[in-house]
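**Q** Next come a sequence and a model predicted from it.
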Amino acid sequence: MTDRIVSWHTSPSKPTYTPPPGAVDAHCHVFGPMAQFPFSAKAKYLPEDAGPDMLFALRDHLGFSRNVIVQASCHGTDNAATLDAIAKSDGKARGVAVVDPAISEADLDALHEGGIRGIRFNFLKRLVDDAPKDRFLEVSKRLPEGWHVVIYFEADILEDLRPFMDAIPVPLVIDHMGRPNVAQGPDGVDMKAFRRLLDSRDDIWFKATCPDRLDPAGSPWNAFAKAVAPLVADYQDRALWGTDWPHPNMQDAIPDDGHLVDMIPRIAPTVELQQKLLVINPMRLYWPEDASQT
Ligand code: 0GY
């Protein structure tokens, strides 16, 4: 691992779609800057710097108001870069941390003070060396009030993870819908299994994100739109949306973030759905104290 990767579009287009006031990009990351926040020795990719200034410039360019910054695997369990970005956001960002499950209560409280509202369990073997379910479960039982657990997995291990997910006593947010094969369509086996998971509890949320990762046919991501729009309609109070900028690890088919925003009306065609997806739902999870104003 020598070359540092540029995984984002350097001049994304201005979207045609205008998000509603107060829209939240509920899945994005920051990388470094490395000189200040070195990457983990266990990182599986080494990105170029993509710090808060770049993230906030993109937020404004795309017409969004707030960000939820998810700790990327390249920073391991040191959340300093994520916390730094939140601190620089003027209250417009909150975050999801990755922690050593042995973290103390005092350190969890410090993360809360810094704007963290959840922790992420990553089960992708290409990104992390291990994912200890028993230890994850233990820490999920002692999170600060109002926090949730974000889980990142691929569709082929959904059934294996069911007992683990069932035992987590706080709300769950599933990254990228558990990476279904969208080419199977809205009634394919992956989407059906994901719907069974959503039906098992009413506090499981999902991110209707990453057409660039999930649609094998590529842009304009028609299979993604076809498979995901019914899910957003049927579970409209639990759907979130995000850019995934700076698109960790993407090297081929780096998406244009303006085009990603233009997907929103294709998966949420009415103003009411868009308001839920982009404002009401993320505000309930990440800024509940302000949510009633939306
Ligand atoms: C994503 C997707 C990926 C990476 C990470 O933390 C990460 O490194 O999340 C991926 O490579 O699929 O959610 O941003």
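**A** Looks like it came in fine.
**Q** okay, now the closest residue to Pro33 other than its chain neighbours: neighbour count?
**A** Leaving aside its sequence neighbours, Pro33 sits nearest to Asp49 (C-beta to C-beta, 6 or more residues apart in numbering; 4.2 Å). To be clear about C-beta, it is placed using only N, CA and C from the backbone, and glycine gets the same treatment. Neighbourhood size, Asp49 [other C-beta atoms under 10 Å]: 18.
**Q** cool, and Asp244?
**A** For Asp244, using other C-beta under 10 Å, the count is 25.
**Q** Please verify my assumption that it contacts Asp25.
**A** No - here Asp244 does not reach Asp25: they are 9.1 Å apart, not a contact under C-beta atoms under 8 Å.
**Q** State which one residue of the stretch 51-200 of the chain is found closest to the ligand.
**A** Closest to the ligand within the stretch 51-200 of the chain is Ser73: 3.4 Å, counting by C-beta to the nearest ligand atom.
**Q** wait, what's in contact with that residue?
**A** Neighbouring residues of Ser73 by C-beta atoms under 8 Å, 6 or more residues apart in numbering: 40, 43-44, 98, 122, 127-128, 248.
**Q** 7 Å - rerun?
**A** Ser73 sits next to 43-44, 122, 127-128 when contact means C-beta atoms under 7 Å, 6 or more residues apart in numbering.
**Q** repeat for Ile280
**A** Contacts of Ile280 (C-beta under 7 Å, 6+ apart): Thr294.
**Q** and the gap between it and Asp25?
**A** 15 Å (C-beta to C-beta, to the nearest Å).
**Q** What residues does the stretch 51-200 of the chain have near the ligand?
**A** 72-74, 127, 175 (C-beta under 6 Å from any ligand atom).
**Q** Where do the strands of the chain begin and end?
**A** 24-28, 66-70, 93-97, 116-122, 148-152, 172-174, 204-207, 239-240 (DSSP state E).
**Q** could I get these as a markdown table with distance to Leu158?
**A** As requested, the strands of the chain are arranged in a markdown table below (distance: least, C-beta to C-beta, whole Å):
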| stretch | distance to Leu158 |
| --- | --- |
| strand 24-28 | 19 |
| strand 66-70 | 20 |
| strand 93-97 | 20 |
| strand 116-122 | 14 |
| strand 148-152 | 10 |
| strand 172-174 | 9 |
| strand 204-207 | 12 |
| strand 239-240 | 18 |
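**Q** Save those strands as JSON lines, and put in mean neighbour count and mean pLDDT too.
**A** Converted to JSON lines, the strands of the chain look like this (neighbours: other C-beta atoms under 10 Å; pLDDT from 0 to 100):
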{"stretch": "strand 24-28", "mean neighbour count": "28", "mean pLDDT": "99"}
{"stretch": "strand 66-70", "mean neighbour count": "27", "mean pLDDT": "99"}
{"stretch": "strand 93-97", "mean neighbour count": "25", "mean pLDDT": "99"}
{"stretch": "strand 116-122", "mean neighbour count": "23", "mean pLDDT": "98"}
{"stretch": "strand 148-152", "mean neighbour count": "22", "mean pLDDT": "98"}
{"stretch": "strand 172-174", "mean neighbour count": "23", "mean pLDDT": "99"}
{"stretch": "strand 204-207", "mean neighbour count": "22", "mean pLDDT": "98"}
{"stretch": "strand 239-240", "mean neighbour count": "26", "mean pLDDT": "99"}
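**Q** what separates the residue of the stretch 51-200 of the chain closest to the ligand from Phe123, distance-wise?
**A** 11 Å.
**Q** With Cys210 instead?
**A** 16 Å.
**Q** higher neighbour count, these two?
**A** Set Cys210 next to Phe123 and count neighbours by other C-beta under 10 Å: Cys210 wins out with 24 against 20.
**Q** Correct me if wrong: that one contacts Met177.
**A** No - using C-beta atoms under 7 Å, Cys210 is not in contact with Met177, being 8.6 Å away.
**Q** What segments of the stretch 101-250 of the chain are helices?
**A** 105-113, 133-140, 158-167, 189-200, 211-214, 222-234 (DSSP state H, counting those that start in this stretch).
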